[in-house]
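> What follows is a predicted structure for the sequence shown.
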Amino acid sequence: MGIRVFIYLYVLSKQSATDMTTYNELVKKWSQQLEIYDPSEAESLIHWLLEHHLGLRRVDMMHFLEEKDLPEALHRDFERLKRGEPIQYILGKAPFYGREFLVNSATLIPRNETEELVHLILKENPQQGLRILDIGTGTGCIPISLSLEMKSPEVFGLDISQEALEVARQNAKLLKAEVKFLQVDILREKIPLENLDILISNPPYIPEKGKTEMHQNVLDFEPGLALFVPDEDPLLFYRRIAALGREHLKKGGKLYFEIHEDFGTETVELLQSMAYQKIRLIQDLNGKNRMVAAVWEG
């Protein structure tokens with residue numbers, strides 16, 4: 001047990017239990033104030049917040065708490081949570097593929113679906129020394145995970161946002177991953193890399209009209225630059241990245257996309273029109289069209 005936890009429990013032991021509430025009662029009380037979340041998600045967020053600030057695992061918290069004596073920083077973060085700010089931004093970190101990544105408002109929060117994309121790539125590419133590029137890298141979670149999980153790869157991450165790249169570089173340093181990061185606007189510039197074995201992207205893919213269906217905390221806090229595309233051209237980035245793949249992938253090189261579930265067929269047809277081969281539309285664990293894989297035969 002850490003010293004912070006020991007001191008906290010010692011203070012609690014000196015107080016009368018009749019003046020306090022149980023941990024579970026506090027979770028229920030606070031979660032009811034997170035009105036934008038469903039009850040189970042709200043409780044999970046409160047567990048996460050308490051665990052972060054008190055240094056206790058959920059299973060350790062079967063005792064009384066004095067709400068007024070909880071750390072001031074915990075109360076401040078709870079107020080931020082009530083305003084809809086994602087807990088990952090509040091805590092400055094998010095889990096991804098068994099590791100913690102720094103996040104901030106310049107980066108998207110890594111999603112479970114993207115973990116599935118990483119898992120697919122790892123499963124299908126066991127070879128050593130592959131040359132890999134991730135376009136729109138954000139936190140760097142995709143290239144860093146691949147760098148650490150694969151056998152001696154040469155991995156690159158690319159983004160238009162200098163702020164996002166700063167976060168990605170910090171993550172690579174903290175996790176001791178060998179990834180080279182580049183700032184490039186792919187809609188206007190070429191990429192300075194050749195002979196790629198794998199090209200990956202989880203680009204912006206949500207049409208502007210889709211904002212009406214999105215959670216308000218995503219709209220208010222996550223970077224729109226990494227989320228949205230024009231309504232009239234939802235495949236804008238896929239078309240451009242596929243074109244870059246034709247130039248920069250080796251013969252037999254692979255292209256992997258994370259996609260909008262509503263545009264799976266259109267993405268497949270786009271790649272067919274650009275002479276890609278072995279095109280697959282792949283569902284995620286929830287049965288939604290989420291990934292497309294293809295091969296460039298030159």
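Yes, it's here.

> any low-confidence regions in the stretch 101-250 of the chain?
Per-residue confidence of the stretch 101-250 of the chain (counting by pLDDT under 70) places the weak regions at 205-232.

> what ranges do the helices span in it?
112-124, 141-149, 162-175, 216-221, 236-248 (DSSP state H, counting those that start in this stretch).

> Can you add distance to residue 280 and mean neighbour count and give the ones you listed back as JSON lines?
Glycine gets a C-beta too; all of them are placed from N, C-alpha and C. Listed next are those as JSON lines, based on distance: least, C-beta to C-beta, whole Å; neighbours: other C-beta atoms under 10 Å:
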{"stretch": "helix 112-124", "distance to residue 280": "10", "mean neighbour count": "17"}
{"stretch": "helix 141-149", "distance to residue 280": "19", "mean neighbour count": "25"}
{"stretch": "helix 162-175", "distance to residue 280": "28", "mean neighbour count": "18"}
{"stretch": "helix 216-221", "distance to residue 280": "29", "mean neighbour count": "14"}
{"stretch": "helix 236-248", "distance to residue 280": "15", "mean neighbour count": "18"}
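
> Can you lay out those as CSV showing distance to residue 297?
Output for these, formatted as CSV (distance: least, C-beta to C-beta, whole Å):
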stretch, distance to residue 297
helix 112-124, 17
helix 141-149, 23
helix 162-175, 31
helix 216-221, 38
helix 236-248, 10
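
> do you know which of these lies nearest residue 261?
Between residue 261 and the helices of the stretch 101-250 of the chain, the shortest separation by C-beta to C-beta is 9.5 Å, and it involves helix 112-124.

> What is that closest one packed up against?
helix 141-149, strand 196-201, strand 249-258, strand 289-296 (3 or more C-beta pairs under 8 Å, 6 or more residues apart in numbering; DSSP states H and E).

> so what's the most centrally placed residue in the chain up against?
Against the mean C-alpha coordinate of the chain, by C-alpha atoms, centre = their mean, the closest residue is residue 110 at 0.5 Å. Residue 110 makes contact with 94-96, 101, 103, 138-139, 141 under the criterion C-beta atoms under 8 Å, 6 or more residues apart in numbering.

> Give me the phi and psi angles of it.
Taking degrees, to the nearest 10, you get phi -60, psi 140 for the backbone angles of residue 110.

> Please parse the protein into its domains.
The chain is divided into the following domains under automatic domain parsing: 3-83, 102-296.

> out of those, nearest to residue 89?
Using C-beta to C-beta and comparing the domains of the chain, the one that lies nearest residue 89 is domain 102-296, at 6.0 Å.

> Can you get me the start-to-end distance on the closest one?
Counting by C-alpha to C-alpha, to the nearest Å, you get 34 Å between the two ends of domain 102-296.

> for it, the distance to its chain's centre please.
The chain centre lies 11 Å from the centre of domain 102-296; the measure is C-alpha atoms, centre = their mean, to the nearest Å.

> would CSV of the helices and strands packed on helix 112-124 with distance to residue 114 be doable?
Putting the helices and strands packed on helix 112-124 into CSV (distance: least, C-beta to C-beta, whole Å) gives the following:
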stretch, distance to residue 114
helix 141-149, 7
strand 196-201, 10
strand 249-258, 6
strand 289-296, 9
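
> mind checking which of the ones you listed is nearest residue 34?
If you check each of the helices and strands packed on helix 112-124 against residue 34 by C-beta to C-beta, helix 141-149 wins as the nearest, at 25.8 Å.

> relative to strand 249-258, how tilted is that closest one?
Orientation of helix 141-149 against strand 249-258 (axes from the mean of the first three to the mean of the last three C-alpha atoms, to 10 degrees) gives an angle of 120 degrees.

> Kindly spell out which helices and strands sit in contact with helix 141-149.
strand 99-102, helix 112-124, strand 131-135, strand 154-159, helix 162-175, strand 179-183.

> Any chance of a markdown table for the ones you listed, columns distance to residue 76?
Conversion of the helices and strands packed on helix 141-149 to a markdown table gives the following (distance: least, C-beta to C-beta, whole Å):
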| stretch | distance to residue 76 |
| --- | --- |
| strand 99-102 | 20 |
| helix 112-124 | 28 |
| strand 131-135 | 35 |
| strand 154-159 | 31 |
| helix 162-175 | 23 |
| strand 179-183 | 33 |
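
> Compare these and give me the one nearest residue 50.
For residue 50, the closest of those is strand 99-102, at 17.7 Å, according to C-beta to C-beta.

> Direction included, what does the closest one pair up with?
Strand 99-102 has these partner strands in its sheet, going by DSSP bridges: strand 93-96 (antiparallel).
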